[in-house]
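Asks: Requesting a structural model of the entry that follows:
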Amino acid sequence: MVPASRTSPRTGCGCGTWTGWSRAPSPTSRTPGRSRGHPTHASSSTPTTGSCGRYPPTADGGRPTAICEIPATGSIIGGAWGASGTIAFSVWRDNLYEVAASGGEPKPLVEIDPATQIDFHFPSWLPDGELMYVTHWKGESGGTGEGKPGLTIFDGKRQTGIPGPFGDSDDSPVYSPAGDLMYLSRGATPGVWTVPFDLKGRRATGTPALVGPDAVTLSASSDGSLLYAEGSNLNVPRQMVWLDRTGKVIETVGSRHVGLNRPSLSPDGRRVAFSAADNGNHDVWVLDLITGTETRLTFSPLDEFDPEWLGSSSRLAYVERSEMEGRVLSINADGTGGGSGSWPPWTAWDGHREM
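Replies: Have a look, this model is predicted:
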């Protein structure tokens, strides 16, 4: 023994100098035949690939410099710059690594057990030089495994799991020198939560309290200051709307759905495809803008999302994702025929071009 989807730090490590994550812009919907705007939707964060880098250690900025090549899959899902001059970073579907802040060859710090673990998320250094992170276990969509604590502390030799409500693969836990553990919750009451934590005893010692409502990122400084960004919560009902060019809401579009995301307008402007998670996992839906009828297209226990129109307004491509891999399928927009075709992940073909 010894980081499916993200997440965060959506902004990198707590020191503010890590460049491991970038914010990807939302794709722009085309609206043939309409002049009143676009359905709004949220952007998404994606792991950066290639080289890991740092900024010069001054607040006035400068050009980033390369530190090392990212091993294995080449995608970082979290990093932390330690006071000793060592950077720890986690690689998607691979190990935790360490590298000198001055640059060099990264070395495995904590290796995954391929039989039980997927990867590690959100490493952060503790005051005593130990490393805290979330272990992404196989077998559970939240990454916690069956009865296995996700939050983990590594003392250089041994990993210790910490039971509690703060070890999901999206929780971004950090320890404050004031003696509190801070983490993100994306449940019914989303935001930054804090709980008194006995670092030496490896356990929470109090009742969690909400300190940053609706937060989606989390960073804490060595003096206990908290920095976070507010954002939308995919686990609550969401509504599409039409906007004019000034940003004013003109009217609502369709019904509210839990986890509604990535609406895609058909080329003829008559239908909108989107994904939603009303039944606990994401499925692809189509809304007829003329009749108001909503049709669910996918019904498998896997997550299906990111619908895109295939050159016409009669057929869609979408991503089907399992725990370890994904593929692109296509389906008739009226729900007939079932999903068919299989391309390499994130690739689809409409007869004329690859997208």
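Asks: residue ranges with poor pLDDT in this protein?
Replies: 1-62, 140-147, 232-235, 323-325, 338-355 (pLDDT under 70).
Asks: domains in it, as residue ranges please.
Replies: 21-227, 245-343 (automatic domain parsing).
Asks: How far off centre is the longest one?
Replies: When distances are taken as Cα atoms, centre = their mean, to the nearest Å, domain 21-227 is centred 10 Å away from the chain's centroid.
Asks: change the start of the numbering to 98 and stick with it
Replies: All set: I'll call the first residue 98, so the last point we hit is now domain 118-324.
Asks: Would you map the strands across the stretch 298-447 of the chain?
Replies: In the stretch 298-447 of the chain, the strands defined using DSSP state E, counting those that start in this stretch lie at 300-301, 306-310, 316-317, 323-324, 334-340, 346-355, 358-362, 368-373, 380-385, 391-393, 400-406, 412-418, 423-429, 437-440.
Asks: Switch the ones you listed over to CSV; also include mean neighbour count.
Replies: Backbone N, C-alpha and C define where each C-beta goes, glycine included. CSV is the format used below for these (neighbours: other Cβ atoms under 10 Å):
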stretch, mean neighbour count
strand 300-301, 16
strand 306-310, 14
strand 316-317, 22
strand 323-324, 16
strand 334-340, 16
strand 346-355, 14
strand 358-362, 21
strand 368-373, 24
strand 380-385, 23
strand 391-393, 14
strand 400-406, 22
strand 412-418, 22
strand 423-429, 19
strand 437-440, 12
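Asks: Take those strands and write them to JSON lines, including distance to residue 251.
Replies: Listed next are the strands of the stretch 298-447 of the chain as JSON lines, based on distance: least, Cβ to Cβ, whole Å:
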{"stretch": "strand 300-301", "distance to residue 251": "17"}
{"stretch": "strand 306-310", "distance to residue 251": "27"}
{"stretch": "strand 316-317", "distance to residue 251": "19"}
{"stretch": "strand 323-324", "distance to residue 251": "24"}
{"stretch": "strand 334-340", "distance to residue 251": "38"}
{"stretch": "strand 346-355", "distance to residue 251": "36"}
{"stretch": "strand 358-362", "distance to residue 251": "34"}
{"stretch": "strand 368-373", "distance to residue 251": "36"}
{"stretch": "strand 380-385", "distance to residue 251": "38"}
{"stretch": "strand 391-393", "distance to residue 251": "44"}
{"stretch": "strand 400-406", "distance to residue 251": "31"}
{"stretch": "strand 412-418", "distance to residue 251": "29"}
{"stretch": "strand 423-429", "distance to residue 251": "30"}
{"stretch": "strand 437-440", "distance to residue 251": "39"}
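Asks: closest one to residue 185 among those strands?
Replies: With Cβ to Cβ as the criterion, residue 185 lies closest to strand 316-317 of the strands of the stretch 298-447 of the chain, at 15.7 Å.
Asks: So which other helices or strands are in contact with that closest one?
Replies: The contact analysis (3 or more Cβ pairs under 8 Å, 6 or more residues apart in numbering; DSSP states H and E) places strand 316-317 against strand 271-273, strand 323-324.
Asks: Could you rerun that using 7 Å?
Replies: Based on contacts counted as 3 or more Cβ pairs under 7 Å, 6 or more residues apart in numbering; DSSP states H and E, there is no element that strand 316-317 packs against.
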